[in-house]
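Asker: what shape does this take:
(one chain, ligands or ions: 1)
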Amino acid sequence: MTDVSSRLREVARRLTRRYGKPGLCGHETSPVENLVLTILSQNTNDANRDRAFETLRKRFPTIPRLAAAKPAEVEEAIRTGGLAKTKAAAILSALSRLSEERGGYTLDFLRGMPLADARAYLTSFGGVGVKTANILLLFSLGFPAFPVDTHILRVTKRLALVPPSATLAKAALLLEPHVPAGVHVPLHLNIIRLGRELCRPRNPLCPSCPLLPLCPEGAKRTGSGRPA
Ligand code: SF4
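Answerer: Residues are numbered from 1 along each chain as shown. I've put the predicted structure just below:
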């Protein structure tokens with residue numbers, strides 16, 4: 001077991017002790033609906049994304065009806081999520097490609113692929129990056145992928161689990177092989193919660209953090225010396 005593996009295991013253990021083992025985050029939907037949701041999530045917050053998705057679902061209750069919609073209609077339905085024109089085009093283009101390549105609106109064929117190949121397929125769609133592909137792979141298809149958002153990137157940099165220069169995509173690929181089996185969902189959700197509540201971008205609340213004994217940045221900020 002590498003140092004990163006053992007430290008990540010300890011991070012998971014401490015966060016589960018603090019926050020429990022959450023398992024739900026709103027992405028537990030069919031793979032194709034999740035593809036639409038991930039495209040809607042670009043450059044906006046969860047609340048705006050969810051509002052746009054809800055309006056879209058009301059306007060087009062099934063994927064075939066959505067696929068048959070005009071770009072302007074989709075654009076109108078998702079306006080609250082921002083970048084409506086780009087996202088409407090990306091959604092319709094993804095659905096059209098699935099229909100042409102697979103004869104239907106399905107991503108179930110990904111289940112039989114190696115993780116790296118399934119991710120490469122998803123990121124070949126416009127508007128789908130490594131983070132959103134990993135969300136879909138983890139929450140809709142059960143792959144052991146580890147989505148990294150800005151909270152997870154900040155926390156894992158401070159913990160020195162990834163290099164300071166790591167991007168979202170790079171950090172996800174670096175961390176993925178080290179995530180202990182079976183804790184991908186709770187670890188993902190718990191680090192995000194830690195990032196929102198304690199390991200905030202400014203003024204992290206290190207003295208209250210369950211990861212302080214493992215954290216070089218926390219040691220520096222609290223003057224508590226090198227973490228164990
Ligand atoms: Fe973030 Fe401080 Fe916790 Fe380290 S100890 S993870 S810097 S809040």
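
Asker: what count of nearby residues applies to the closest residue to the ligand within the chain?
Answerer: Distances between the chain and the ligand by C-beta to the nearest ligand atom are smallest at G218, namely 2.5 Å. All C-beta spots, glycine's among them, are computed from the backbone N, C-alpha and C. By the criterion of other C-beta atoms under 10 Å, G218 has 22 neighbours.

Asker: show me what contacts it?
Answerer: The neighbourhood of G218, defined by C-beta atoms under 8 Å, 6 or more residues apart in numbering, consists of 158, 204, 206, 209, 211-212, 224, 227.

Asker: name the single longest helix found in the chain.
Answerer: As assigned by DSSP state H, the longest helix anywhere in the chain is helix 84-102.

Asker: okay, now the domains of this protein?
Answerer: Following automatic domain parsing, the chain resolves into domains at 4-22+147-222, 31-139.

Asker: centre of the chain to the longest one, how far?
Answerer: In other words, domain 31-139. Mean C-alpha position of domain 31-139 versus that of the full chain (C-alpha atoms, centre = their mean, to the nearest Å) differs by 14 Å.

Asker: can you give me the first-to-last residue distance of that domain?
Answerer: From its first residue to its last, domain 31-139 covers 9 Å (C-alpha to C-alpha, to the nearest Å).

Asker: please enumerate the helices of this structure.
Answerer: Counting by DSSP H, the chain has helices at residues 3-19, 31-40, 46-59, 63-67, 71-77, 84-102, 115-123, 130-139, 150-158, 168-175, 184-197, 216-222.

Asker: how about the last one: buried residues?
Answerer: Just to be clear, that refers to helix 216-222. Using 16 or more other C-beta atoms under 10 Å as the burial criterion, the residues of helix 216-222 that qualify are 217-219, 221.

Asker: and the residue nearest to N48 when sequence neighbours are not counted, how far from V32?
Answerer: The spatial neighbour of N48 that comes closest, neighbours along the chain excluded (C-beta to C-beta, 6 or more residues apart in numbering), is G81 at 5.0 Å. Per C-beta to C-beta, to the nearest Å, G81 is found 18 Å from V32.

Asker: want to try CSV for the helices of the chain, with distance to F109 as columns?
Answerer: CSV is the format used below for the helices of the chain (distance: least, C-beta to C-beta, whole Å):
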stretch, distance to F109
helix 3-19, 31
helix 31-40, 10
helix 46-59, 24
helix 63-67, 16
helix 71-77, 25
helix 84-102, 7
helix 115-123, 9
helix 130-139, 13
helix 150-158, 29
helix 168-175, 23
helix 184-197, 22
helix 216-222, 43
